[in-house]
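[1] Sequence and predicted structure, then a few things I'm wondering about:
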Amino acid sequence: MLNARHALVNNKLKLKKGKLKMKKVVIMLVMLFTMSVYSFAEDNNASVIKDIEKYELKINHRQLACVLDLNKDQMESIDWILTDLENGMLFAASMHSEESRDKIIYNTITNNVRCMRYFLSEEQYKKYLMLLNTTLRNKGIIVKNENK
């Protein structure tokens, strides 16, 4: 009777050890899967951040005002226009499809240029266009006409 009871306890211990090993294997697999998913998400986030940085325009409004030789009234108006341009470009960066991103960029820049033309003199406007085109080209942003 004692031997049978001893054998039964040994079998239970073996089963527990086997279950513990199985639990360890399952936990290890779950950890491995979680780490691989996490690293994939991290890579994906890095590419999204690069896209957002590409479309983030950090325009120094005061320096632009000095270059364009703006008066105080022009400066106040242009601050709003430039902020709208920066926000429009960030909104475009959040778009997932290339087509909708291109449309938003085109509309944002077209509206910006129209507003700037209203507030700037002809000479200031030409300088602004040159600076805007250079900035967009340096950022790698291509403005595609939606009518084409």
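    Noted; the coordinates are in hand. Numbers count the residues shown, from 1 in each chain.

[2] Going by C-alpha atoms from here, please, whenever you check contacts or count neighbours.
    Noted.

[3] quick one: secondary structure of I59?
    coil (DSSP: H, G, I helix; E, B strand; the rest coil).

[4] which residues does it contact?
    Listed by Cα atoms under 8 Å, 6 or more residues apart in numbering, the contact set of I59 reads L82, E86.

[5] Beyond the least confident helix or strand in the chain by mean pLDDT, next helix or strand please.
    The helix or strand of the chain with the poorest confidence is helix 2-55; it has a mean of 59 (mean pLDDT, DSSP states H and E). The helix or strand immediately downstream of helix 2-55 is helix 61-68, counting by DSSP states H and E.

[6] Buried residues of that next one, list them for me.
    L64, A65, L68 (16 or more other Cα atoms under 10 Å).

[7] Closest to E98 out of the residues you listed?
    L64 (30.1 Å; Cα to Cα).

[8] quick one: the closest one from N145, how far?
    Distance, L64 to N145, by Cα to Cα, to the nearest Å: 26 Å.

[9] Domain-wise, how is this protein divided?
    1-55, 58-139 (automatic domain parsing).

[10] okay, now L120: neighbour count?
    By the measure other Cα atoms under 10 Å, the count of residues near L120 is 20.

[11] Likewise for L85?
    22.

[12] Now for it: which residues touch it?
    T108, I109, N112.

[13] Pull the number of nearby residues for D84.
    Residues near D84, counting by other Cα under 10 Å, number 16.

[14] Just the element for it, please.
    helix 72-93.

[15] What of T135?
    helix 122-139.

[16] Using CSV, list the CA coordinates for that helix.
    Provided in CSV are the C-alpha atoms of helix 122-139 (Å, rounded to 0.1, in the frame of the first residue of the first chain):
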residue,chain,number,x,y,z
GLU,A,122,5.0,92.0,-56.3
GLU,A,123,8.7,91.9,-55.3
GLN,A,124,7.9,90.4,-51.9
TYR,A,125,5.7,87.8,-53.6
LYS,A,126,8.4,86.7,-56.0
LYS,A,127,10.9,86.3,-53.1
TYR,A,128,8.3,84.3,-51.1
LEU,A,129,7.7,82.0,-54.0
MET,A,130,11.4,81.4,-54.4
LEU,A,131,11.8,80.6,-50.7
LEU,A,132,8.7,78.3,-50.6
ASN,A,133,9.8,76.4,-53.7
THR,A,134,13.3,75.9,-52.3
THR,A,135,11.9,74.8,-48.9
LEU,A,136,9.6,72.3,-50.5
ARG,A,137,12.3,71.0,-52.8
ASN,A,138,14.7,70.6,-49.9
LYS,A,139,12.1,68.6,-47.9
